[in-house]
Structure formats: C-alpha cells, structure tokens
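> need a structure here:
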Amino acid sequence: MNDELFMNERVDVVAKFSSGLNPLEPVKFRRASGREITVKEIGLRHPTMQGKRMVHVFDVTDGAADYRLELDSERLVWHLTREGDRWV
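Residues are numbered from 1 along each chain as shown. Predicted coordinates:
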C-alpha cells in the first residue's frame, strides 16, 4: 500500500464461506459513512494473535484502493484497519 491511512473503523461485511484452503472470503463491506465497497481481489490473508484473540487479516482491493479487513474470531466483529492508494 502507498500512502496508508491507519484506522480502526467497525464495518459490516458480506462474506462467502466454502470448503478448501480458503474457507472465508470477504465479498463487500459497508463503511460507517454508508459507502459500500465491493472486493475485486483478495491478496494476503493470515491469522494472527492479538493478545489471546485470534484475528483473521485480509488485504483486499476494489481496484481503486487497497484495504485491510480484520475479523476478531472471538467477538465476530470486523474492522477496517488500513486504507491506501493503489500502486500502479
């Protein structure tokens, strides 16, 4: 990401569940402002520990900007933690 903006914004996410190596994929999300962003591509995804909580991290893009979504698997809450300009 270039020119990243760090944040901790709670978002609503529509996700697809399936079997296989990547059983969870965010499809789109709605920001607090009401703006909906459709995910065109998922880059890096990985689980990480934050204290005793497992958090699933997804780097995604809508083609115009990059975003980092994080799912707290204990509280089942999604947060948008980064937004950045798309590298061209």
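> any idea how far the residue positioned nearest the centre of the chain is from K52?
Against the mean C-alpha coordinate of the chain, by Cα atoms, centre = their mean, the closest residue is L69 at 1.9 Å. L69 sits 21 Å away from K52, going by Cβ to Cβ, to the nearest Å. Just so you know, the C-beta spots here come from the backbone N, C-alpha and C atoms, and that holds for glycine as well.
> And E41, by the same measure?
Note on E41: its distance to K52, by Cβ to Cβ, is 32 Å.
> These two: who's more crowded?
E41 (10 against 6; other Cβ atoms under 10 Å).
> So V13 is in contact with E70, correct?
No: with contact defined as Cβ atoms under 8 Å, V13 and E70 do not form a contacting pair (10.3 Å).
> Direction included, what does the longest strand belonging to the chain pair against?
Secondary structure of the chain per DSSP state E: the longest strand is strand 2-17. Here strand 2-17 has these sheet partners by DSSP bridges: strand 24-30 (antiparallel), strand 77-85 (antiparallel).
> Other residues contacting the longest one?
So that's strand 77-85. 1-13, 26, 29, 31, 65-72 (Cβ atoms under 8 Å, 6 or more residues apart in numbering).
> Can you find the helix or strand in this structure with the smallest mean pLDDT?
strand 2-17 (a mean of 91; mean pLDDT, DSSP states H and E).
> what does the average pLDDT come to for stretch 26-36?
Across stretch 26-36, pLDDT averages out at 97.
> repeat for stretch 76-88
Stretch 76-88 comes out at a mean pLDDT of 87.
> next one: the longest strand of the chain to chain centre, how far?
4 Å (Cα atoms, centre = their mean, to the nearest Å).
> buried residues in that strand?
Buried residues in strand 2-17, counted by 16 or more other Cβ atoms under 10 Å: V11, V13.
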